[in-house]
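Chemist: got a predicted structure here, sequence first:
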Amino acid sequence: MKSICWAIVAVFSLFSVCMAGSQQVSSTTGSSMIAQVRADYNDTTSVYFTDAEMLQFLNDGIVDLVNKSHCYEATESISLVANTVEYSITSNYVEVVAVQYYNGTNKFALKKGSPAEIGLNTEESDTDAPAFWYEFAGKIGIYPSLSSVTTQTVTLYLVKWPVPIVSSGTISTPAIYDVALKYYILSRMALKDKNTAMHESMMGKYNQEIGFYRQDLQVKDQQK
């Protein structure tokens, strides 16, 4: 078992709540991130971890980071069809955050509903336009449906599913999360090295780092 360097990059002390997708995207390449973490772990000479393994740790970290922080965002527009409730979502996504209805002139936020409520909600009978949305099995439900349409659309606000990067590629998440990704990779390295204490410590720092920037998600989870 090799000696392990515990000199880890210090945690940033920024505690403001922010939407991570509005931050500057990282300019760090996969190979650069891997080299930095190797140095932190003292794995630059014997190379106990392969490059392919390190890249897998990085991509796993990006996926976990996006799921926990919702930091990779996109929109998708769908043209409504007469007497139609469900539409396929073409984007590869993690979660639908919100939906807006556009009637050709103005936009209106729709309320989150359920497929079990279609035709049962009294609010449906009080409007001649869509009022609710739901997501189920890769489809978005918009109801009540319109009996006729012209240019009406809905816009989905999504958390995107990240595309795996290659070692020469640039990390796709915001730069503020580079430190969190280092902690995640270090935790995976320690887990393979059967260093449970370091694994738990680095995973704790990883989750703490995400919390610095997305306290709004933590509050939402506590209210459920």
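Modeler: That came through fine. Residues are numbered from 1 along each chain as shown.
Chemist: just the strands in the chain please.
Modeler: Listed from the start of the chain, the chain has strands (DSSP state E) covering 73-79, 86-88, 93-102, 107-109, 111-112, 132-136, 139-143, 153-160.
Chemist: out of those, nearest to A175?
Modeler: The minimum distance between A175 and the strands of the chain falls on strand 73-79, with 15.2 Å, by Cβ to Cβ. Backbone N, C-alpha and C define where each C-beta goes, glycine included.
Chemist: where does pLDDT dip in the protein?
Modeler: Filtered on pLDDT under 70, the chain yields the residue ranges 1-22, 121-127, 214-224.
Chemist: domain parsing for it?
Modeler: Following automatic domain parsing, the chain resolves into domains at 20-71+164-223, 73-160.
Chemist: ends of the shortest one, how far apart?
Modeler: This stretch, domain 73-160, spans 5 Å end to end (Cα to Cα, to the nearest Å).
Chemist: burial count for Q152?
Modeler: 19 (other Cβ atoms under 10 Å).
Chemist: need phi/psi at it.
Modeler: Torsion angles at Q152 (phi, psi; degrees, to the nearest 10) stand at phi -70, psi 140.
Chemist: so of the domains of the chain, which one's packed in deepest?
Modeler: Mean neighbour counts were compared across the domains of the chain using mean count of other Cβ atoms under 10 Å; the top stretch is domain 20-71+164-223, at a mean of 17.
Chemist: now do that one: distance to the chain's middle.
Modeler: On the basis of Cα atoms, centre = their mean, to the nearest Å, domain 20-71+164-223 is displaced by 14 Å from the centre of the chain it belongs to.
Chemist: re the thing from before, okay, the strands of the chain in a markdown table with distance to N195 next?
Modeler: Compiled in a markdown table, these are given as follows (distance: least, Cβ to Cβ, whole Å):
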| stretch | distance to N195 |
| --- | --- |
| strand 73-79 | 35 |
| strand 86-88 | 46 |
| strand 93-102 | 31 |
| strand 107-109 | 48 |
| strand 111-112 | 43 |
| strand 132-136 | 40 |
| strand 139-143 | 44 |
| strand 153-160 | 32 |
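Chemist: nearest to L186, out of those?
Modeler: Across those, the minimum distance to L186, taken as Cβ to Cβ, is reached by strand 93-102, at 24.2 Å.
Chemist: on contacts alone, who are the packing partners of that closest one?
Modeler: Under the contact definition 3 or more Cβ pairs under 8 Å, 6 or more residues apart in numbering; DSSP states H and E, strand 93-102 sits against strand 107-109, strand 132-136, strand 139-143, strand 153-160.
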